[in-house]
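*Asks:* Below are the sequence and a predicted model for it; my questions follow.
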Amino acid sequence: MTKSTYHHGNLAPALVEAALKMVEQGGVEAVSLRDLAQSLGVSRAAPYRHFPDRDALLATVAARGFEDLIALYELALESPGDGRARLRASGRSFYEFATKRPGLYRLMFESDLLNRSPPPAVLLAPAEKSYRLVLRLVAEAFPEADETEVKVRTIIMTSTGHGFLTLDHVGRFRPFMYEPLTHDEMVEAVMASAIGASIKRPKES
């Protein structure tokens, strides 16, 4: 690939695509602007015309991940069945996303990008939209719940899911812990428990 292949208008998306592949194959640590420039056949300075630093590029990659997650949630919202069935479908999609793309998942949910002050602007809208879609899925699964209960259920469900994934990704669940269930059955059981958690509201005085 020659240096003239990428012009001002298409180098940025090419950098995002290449960085996304690096994240998915080797994790965040694998991303280097110098290596990206070399792989794309451009000068070392060229990436900085589009991204001021490595974190800016990673924020754009994370935003792409949230956009992919949004598409999965929107597909779940259109899937057959009642609200509970659609919520379970979204949970399975999320688990598959996190399991098949662990590097991207960790960048999205375990990095400190969204804790920056201010957070990267490119990341805020898709991250918020993805969470609002989860809130909608929970609200449709529990139509009798008020706004507070929907938010509490969503926090419990997402916290359980992320905690489970953290342990599952590093193989902490050994077969003796869940047999006679299969691993897939264990995942379904955890999701069912997270979705159907009992919510106790404080009594009004």
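*Replies:* Great, that's in hand. Numbering: from 1, shown residues only.

*Asks:* for this structure, what spans make up the helices?
*Replies:* 8-26, 33-40, 54-77, 83-100, 102-110, 121-141, 147-169, 175-178, 183-195 (DSSP state H).

*Asks:* what does the last one contact?
*Replies:* Read that as helix 183-195. Helix 183-195 is contacted from outside by 84, 87-88, 91-92, 95, 141, 156-157, 160-161, 164, 168, 173, 178, 181, using CB atoms under 8 Å, 6 or more residues apart in numbering. All C-beta spots, glycine's among them, are computed from the backbone N, C-alpha and C.

*Asks:* one more time with 10 Å, if that's ok
*Replies:* The contact list for helix 183-195 (CB atoms under 10 Å, 6 or more residues apart in numbering) reads 84, 87-88, 90-92, 94-96, 99, 137-138, 141-142, 153, 156-161, 163-165, 168, 173, 175, 177-179, 181-182.

*Asks:* And the helices of the chain: which comes nearest residue 48?
*Replies:* Residue 48 sits nearest to helix 33-40 of all the helices of the chain, at 7.3 Å, using CB to CB.

*Asks:* Keeping just the C-alphas, turn the closest one into PDB.
*Replies:* The C-alpha coordinates for helix 33-40 follow below in PDB (Å, rounded to 0.1, in the frame of the first residue of the first chain):
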ATOM      1  CA  LEU A  33      -0.600   5.200  16.300                       C
ATOM      2  CA  ARG A  34       2.900   4.500  14.900                       C
ATOM      3  CA  ASP A  35       2.000   0.900  14.000                       C
ATOM      4  CA  LEU A  36      -1.200   2.000  12.500                       C
ATOM      5  CA  ALA A  37       0.500   4.500  10.300                       C
ATOM      6  CA  GLN A  38       3.000   1.900   9.200                       C
ATOM      7  CA  SER A  39       0.300  -0.700   8.400                       C
ATOM      8  CA  LEU A  40      -1.700   1.900   6.400                       C
END
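
*Asks:* Buried ones in that helix, by neighbour count?
*Replies:* Neighbour counts over helix 33-40 (16 or more other CB atoms under 10 Å) mark 33, 36-37, 40 as buried.

*Asks:* which of the contacts of helix 183-195 are buried?
*Replies:* Counted by 16+ other CB under 10 Å, the contacts of helix 183-195 give 87-88, 90-92, 94-95, 137-138, 141-142, 153, 156-158, 160-161, 164-165, 168 as buried.

*Asks:* which residue sits closest to residue 38, ignoring its sequence neighbours?
*Replies:* Leaving aside its sequence neighbours, residue 38 sits nearest to residue 44 (CB to CB, 6 or more residues apart in numbering; 7.9 Å).

*Asks:* The one you found and residue 14: what is the separation?
*Replies:* Using CB to CB, to the nearest Å, we find residue 44 at a distance of 15 Å from residue 14.

*Asks:* Compare those two (neighbour count), which wins?
*Replies:* A side-by-side neighbour count of residue 44 and residue 14, using other CB atoms under 10 Å, places residue 14 first with 18 against 12.
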